[in-house]
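1. Here's my sequence, what's the structure:
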Amino acid sequence: MSVNPSRQDARKPRPWWLGLGVLAMGALWLNGARSIASTTNYIGVGPAAIILAVGIGLTILGVILITQAMRGELVAAAEGEDEAPPSRSAFLLALAGVSIPLLTIRWLGFPLTAMLAFTLVTHAFGSRRTGFDLLVGAALGSAAWFGFSRLGISLGPFLPLIG
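-> Take a look at the predicted model:
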(Lines give C-alpha, C1' and ligand atoms only; values in the text may rest on other atoms or scores of the structure.)
Protein backbone atom coordinates (compact mmCIF):
# COMPACT_ATOMS: atom_id res chain seq x y z
CA MET A 1 0.00 0.00 0.00
CA SER A 2 1.73 3.19 -1.10
CA VAL A 3 0.70 6.67 -0.23
CA ASN A 4 0.02 9.06 -3.04
CA PRO A 5 2.99 11.55 -3.21
CA SER A 6 0.65 14.49 -3.66
CA ARG A 7 -1.09 13.54 -0.41
CA GLN A 8 2.27 13.37 1.37
CA ASP A 9 3.05 16.90 0.15
CA ALA A 10 -0.35 18.08 1.36
CA ARG A 11 0.51 16.91 4.89
CA LYS A 12 3.82 18.80 5.06
CA PRO A 13 3.69 22.00 7.08
CA ARG A 14 3.65 25.07 4.90
CA PRO A 15 5.27 28.16 6.41
CA TRP A 16 2.71 30.64 5.07
CA TRP A 17 3.34 32.76 8.17
CA LEU A 18 6.76 33.64 6.75
CA GLY A 19 5.15 35.44 3.83
CA LEU A 20 2.62 37.04 6.15
CA GLY A 21 5.47 38.42 8.26
CA VAL A 22 7.23 39.86 5.20
CA LEU A 23 3.92 41.36 4.07
CA ALA A 24 3.46 42.96 7.52
CA MET A 25 7.00 44.32 7.37
CA GLY A 26 6.23 45.87 3.98
CA ALA A 27 3.11 47.48 5.44
CA LEU A 28 5.21 48.94 8.28
CA TRP A 29 7.69 50.43 5.81
CA LEU A 30 4.89 51.86 3.66
CA ASN A 31 3.31 53.40 6.75
CA GLY A 32 6.69 54.86 7.74
CA ALA A 33 7.10 56.39 4.28
CA ARG A 34 3.78 58.19 4.70
CA SER A 35 5.03 60.03 7.77
CA ILE A 36 8.09 61.51 6.02
CA ALA A 37 7.77 65.00 4.59
CA SER A 38 7.35 65.02 0.82
CA THR A 39 10.05 67.58 0.08
CA THR A 40 12.28 66.71 -2.85
CA ASN A 41 16.00 66.96 -3.32
CA TYR A 42 17.71 68.49 -6.34
CA ILE A 43 17.11 65.34 -8.41
CA GLY A 44 13.37 65.29 -7.73
CA VAL A 45 13.44 62.29 -5.39
CA GLY A 46 12.36 62.91 -1.82
CA PRO A 47 13.66 61.25 1.34
CA ALA A 48 10.74 58.80 1.45
CA ALA A 49 11.52 57.30 -1.98
CA ILE A 50 13.82 54.50 -0.80
CA ILE A 51 11.54 53.65 2.12
CA LEU A 52 8.58 53.52 -0.25
CA ALA A 53 10.52 51.30 -2.69
CA VAL A 54 11.53 48.90 0.09
CA GLY A 55 7.95 48.78 1.38
CA ILE A 56 6.56 47.99 -2.06
CA GLY A 57 9.24 45.36 -2.62
CA LEU A 58 8.58 43.68 0.73
CA THR A 59 4.84 43.68 0.09
CA ILE A 60 5.29 42.02 -3.32
CA LEU A 61 7.73 39.46 -1.89
CA GLY A 62 5.32 38.70 0.96
CA VAL A 63 2.51 37.95 -1.47
CA ILE A 64 4.83 35.74 -3.54
CA LEU A 65 5.99 33.84 -0.44
CA ILE A 66 2.43 33.25 0.75
CA THR A 67 1.42 32.01 -2.72
CA GLN A 68 4.43 29.68 -2.96
CA ALA A 69 3.89 28.31 0.55
CA MET A 70 0.21 27.61 -0.06
CA ARG A 71 1.04 25.80 -3.32
CA GLY A 72 3.88 23.87 -1.66
CA GLU A 73 6.41 25.37 -4.07
CA LEU A 74 9.05 26.49 -1.58
CA VAL A 75 12.53 25.44 -2.66
CA ALA A 76 14.06 22.52 -0.81
CA ALA A 77 17.47 22.85 0.83
CA ALA A 78 20.43 22.43 -1.50
CA GLU A 79 22.78 19.49 -1.16
CA GLY A 80 24.95 19.91 1.93
CA GLU A 81 22.60 22.37 3.63
CA ASP A 82 20.71 21.56 6.78
CA GLU A 83 17.02 21.11 6.21
CA ALA A 84 15.85 22.65 9.46
CA PRO A 85 12.34 24.11 9.57
CA PRO A 86 12.11 27.90 9.62
CA SER A 87 12.35 29.34 13.11
CA ARG A 88 9.47 31.62 14.04
CA SER A 89 11.35 33.16 16.96
CA ALA A 90 14.39 33.97 14.78
CA PHE A 91 12.13 35.45 12.10
CA LEU A 92 10.26 37.58 14.66
CA LEU A 93 13.55 38.83 16.15
CA ALA A 94 14.80 39.83 12.69
CA LEU A 95 11.44 41.44 11.92
CA ALA A 96 11.66 43.43 15.16
CA GLY A 97 15.22 44.43 14.30
CA VAL A 98 14.34 45.89 10.93
CA SER A 99 11.09 47.43 12.19
CA ILE A 100 12.42 49.10 15.33
CA PRO A 101 13.86 52.13 13.49
CA LEU A 102 10.37 53.04 12.29
CA LEU A 103 9.18 53.16 15.89
CA THR A 104 12.11 54.53 17.92
CA ILE A 105 14.38 56.75 15.84
CA ARG A 106 12.61 59.99 16.80
CA TRP A 107 12.89 59.34 20.54
CA LEU A 108 16.15 57.41 20.83
CA GLY A 109 18.11 58.90 17.94
CA PHE A 110 20.04 57.15 15.21
CA PRO A 111 22.90 55.59 17.23
CA LEU A 112 20.72 53.97 19.92
CA THR A 113 18.17 52.80 17.37
CA ALA A 114 20.93 51.29 15.22
CA MET A 115 22.34 49.60 18.33
CA LEU A 116 18.99 47.96 19.15
CA ALA A 117 18.31 46.94 15.56
CA PHE A 118 21.80 45.44 15.19
CA THR A 119 21.46 43.48 18.44
CA LEU A 120 18.05 42.06 17.53
CA VAL A 121 19.18 40.96 14.08
CA THR A 122 22.39 39.36 15.39
CA HIS A 123 20.34 37.44 17.96
CA ALA A 124 18.04 36.26 15.16
CA PHE A 125 21.12 34.82 13.46
CA GLY A 126 22.21 33.01 16.61
CA SER A 127 24.48 35.40 18.52
CA ARG A 128 24.16 35.27 22.29
CA ARG A 129 26.76 37.91 23.15
CA THR A 130 24.31 40.69 23.99
CA GLY A 131 26.85 43.08 25.53
CA PHE A 132 29.23 42.75 22.60
CA ASP A 133 26.40 43.14 20.07
CA LEU A 134 25.17 46.28 21.84
CA LEU A 135 28.69 47.78 21.76
CA VAL A 136 29.22 46.96 18.09
CA GLY A 137 25.78 48.31 17.19
CA ALA A 138 26.43 51.53 19.13
CA ALA A 139 29.83 51.94 17.46
CA LEU A 140 28.43 51.36 13.96
CA GLY A 141 25.43 53.62 14.58
CA SER A 142 27.60 56.41 16.00
CA ALA A 143 30.13 56.12 13.15
CA ALA A 144 27.31 56.30 10.60
CA TRP A 145 25.74 59.31 12.35
CA PHE A 146 29.06 61.20 12.48
CA GLY A 147 29.89 60.24 8.89
CA PHE A 148 26.59 61.51 7.56
CA SER A 149 26.79 64.70 9.62
CA ARG A 150 30.28 65.37 8.18
CA LEU A 151 28.71 65.09 4.73
CA GLY A 152 26.06 67.61 5.75
CA ILE A 153 23.24 65.07 5.94
CA SER A 154 21.21 65.32 9.12
CA LEU A 155 19.99 62.13 10.76
CA GLY A 156 18.44 64.09 13.60
CA PRO A 157 19.94 64.77 17.01
CA PHE A 158 22.58 62.32 18.30
CA LEU A 159 20.67 61.50 21.51
CA PRO A 160 17.26 63.24 21.55
CA LEU A 161 16.50 62.00 25.08
CA ILE A 162 19.40 64.03 26.47
CA GLY A 163 18.48 67.14 24.57
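2. who touches residue 142 in this structure?
-> 111, 158 (CB atoms under 8 Å, 6 or more residues apart in numbering). Backbone N, C-alpha and C define where each C-beta goes, glycine included.
3. mind checking how far it is from residue 90?
-> Using CB to CB, to the nearest Å, one gets 27 Å for the distance from residue 142 to residue 90.
4. can you check residue 56 too?
-> 25 Å.
5. try residue 131
-> Taken as CB to CB, the span from residue 131 to residue 90 is 20 Å.
6. repeat for residue 57
-> Counting by CB to CB, the gap from residue 57 to residue 90 is 21 Å.
7. Same check on residue 54?
-> 21 Å.
8. Spell out for me which residue occupies the centre of the protein.
-> The centroid of the chain falls nearest to residue 98 when counting by CA atoms, centre = their mean (3.4 Å).
9. Check what contacts the strand or helix carrying that residue and list those residues.
-> Per DSSP states H and E, residue 98 falls inside helix 88-108. Applying CB under 8 Å, 6+ apart, the external contacts of helix 88-108 come out as 17-18, 21, 24-25, 28-29, 31-32, 112-114, 116-121, 123-126, 156, 159-161.
10. When you filter those down to buried only, what's left?
-> For those, a burial check counting by 16 or more other CB atoms under 10 Å picks out 18, 21, 25, 28-29, 32, 112-114, 116-121, 123-124.
11. thinking again about what came up before, looking at residue 54 and residue 90, which is more packed in?
-> More crowded of residue 54 and residue 90, by other CB atoms under 10 Å: residue 54, with 17 against 14.
12. Helix, strand, or coil at the more buried one?
-> Secondary structure, DSSP: H, G, I helix; E, B strand; the rest coil: residue 54 is helix.
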